[in-house]
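1. Need a 3D model of the sequence below.
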Amino acid sequence: MIISKDECLRFFNENQEFLIVSHEHPDGDTLGCAFALCEALRLMGKKRAFLCADEVTKDFSFMTDSFSPDRLSNPVVVCVDVADDALLGPVAEELRGKIDLCIDHHMSNTFYAKSTYLVDRAAACEIIYDLITALPVEVNRYIRNCIYTGISTDTGCFRYQNTTADTFKAAAELTEEGIDAGLINKRMFETKSKSFLQLEMLARETLEYHYDGKCAVITITQDMYKKSGSSEHECHPITALPRQIEGVLVGAVFKENEEGKFSISVRTEEGIDASEICGRLGGGGHKGAAGCRPDCTYEEAKELLLNSVKKSLEGLK
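-> Residues are numbered from 1 along each chain as shown. All right, here's what the predicted structure looks like:
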């Protein structure tokens, strides 16, 4: 069931205990949503805790270090920035059918929650910011830092095509009120671990071009994680790498999980719908960024992806 902003606000005002859930391999947007919301609920005198299938990486320590969860007895469950409950990873099964509210910005949302507040914005943190400013709390610097992190990371520091005037307005308001923009930008966009650099070098060696250079594909395997000392948790920036190449309209990154299956992240230039490309393979997302997890071999998955890309490129003619 889709609910309105007023109904969403009523949900937070009327309930007392909240379990806030992020998607697996958490990025800045899902974490920014979760910890900003947790802080707002604390200021309202509510009890709250955070759940994610994966460990939060150290670059987000400015959010997590000061967070202390409450002990909950019978909480409502809220998912933030999660388009499909399959994206919850190992905790999906225990939460299935128990998720009371989903707050999301993905138009491909599968409406798995009992209630869904869905708004087409560049980042889910834009939605959370709009909600928090309407709740009976004073938005502090910690909340603003969390929100700015989500907005800046989901827009590639305001470079991606999903960035809108509303995005800039929110960022300007946050900046005016006071945020640690320099620290956040350095951590999110200018700092790389040695293991990540090694992984990036290995990934670049797999680069392939297709369709006269309009499509670029990179593959990351478990063996690369072992050789580099890196992990899937910190490889998110590589998803943007193929699309940054001159002349590339569709960039795709294949990432192997521990079971040997591959997920695919797709980034596109304006005019090509990434969610359409991934939708043909059972996935979804945004026009400029989407993903899918075809249940087949790597070779089969690549063939399916390239066929889908071909259809979208032909649509440009």
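2. would you list every one of the strands in the stretch 201-317 of the chain?
-> Listed from the start of the chain, the stretch 201-317 of the chain has strands (DSSP state E, counting those that start in this stretch) covering 208-210, 215-220, 250-256, 262-268, 284-285, 289-292.
3. Looking at the ones you listed, spot the one closest to K194.
-> Shortest separation from K194 across those is recorded for strand 215-220, at 17.0 Å, computed as Cβ to Cβ. (Each C-beta comes from the backbone N, C-alpha and C, glycine too.)
4. need the strands of the stretch 201-317 of the chain in TSV with mean pLDDT, can you?
-> Below are the strands of the stretch 201-317 of the chain laid out as TSV (pLDDT from 0 to 100):
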stretch	mean pLDDT
strand 208-210	97
strand 215-220	98
strand 250-256	96
strand 262-268	95
strand 284-285	88
strand 289-292	92
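5. Make a markdown table from the ones you listed and add mean neighbour count to it.
-> Output for the strands of the stretch 201-317 of the chain, formatted as a markdown table (neighbours: other Cβ atoms under 10 Å):
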| stretch | mean neighbour count |
| --- | --- |
| strand 208-210 | 15 |
| strand 215-220 | 23 |
| strand 250-256 | 24 |
| strand 262-268 | 25 |
| strand 284-285 | 22 |
| strand 289-292 | 24 |
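6. and of these, who's closest to L87?
-> strand 289-292 (9.0 Å).
7. Next one, pLDDT for D81 please.
-> With respect to pLDDT, D81 scores 98.
8. I misspoke; the intended subject was K317.
-> 64.
9. ok, now which ones touch the nearest residue to R187 once chain neighbours are set aside?
-> Leaving out its chain neighbours, the residue that sits closest to R187 by Cβ to Cβ, 6 or more residues apart in numbering is D59, at 5.0 Å. By Cβ atoms under 8 Å, 6 or more residues apart in numbering, the residues touching D59 are 187-188, 191, 234.
10. Same check on L41?
-> 12, 18, 20, 47-48.
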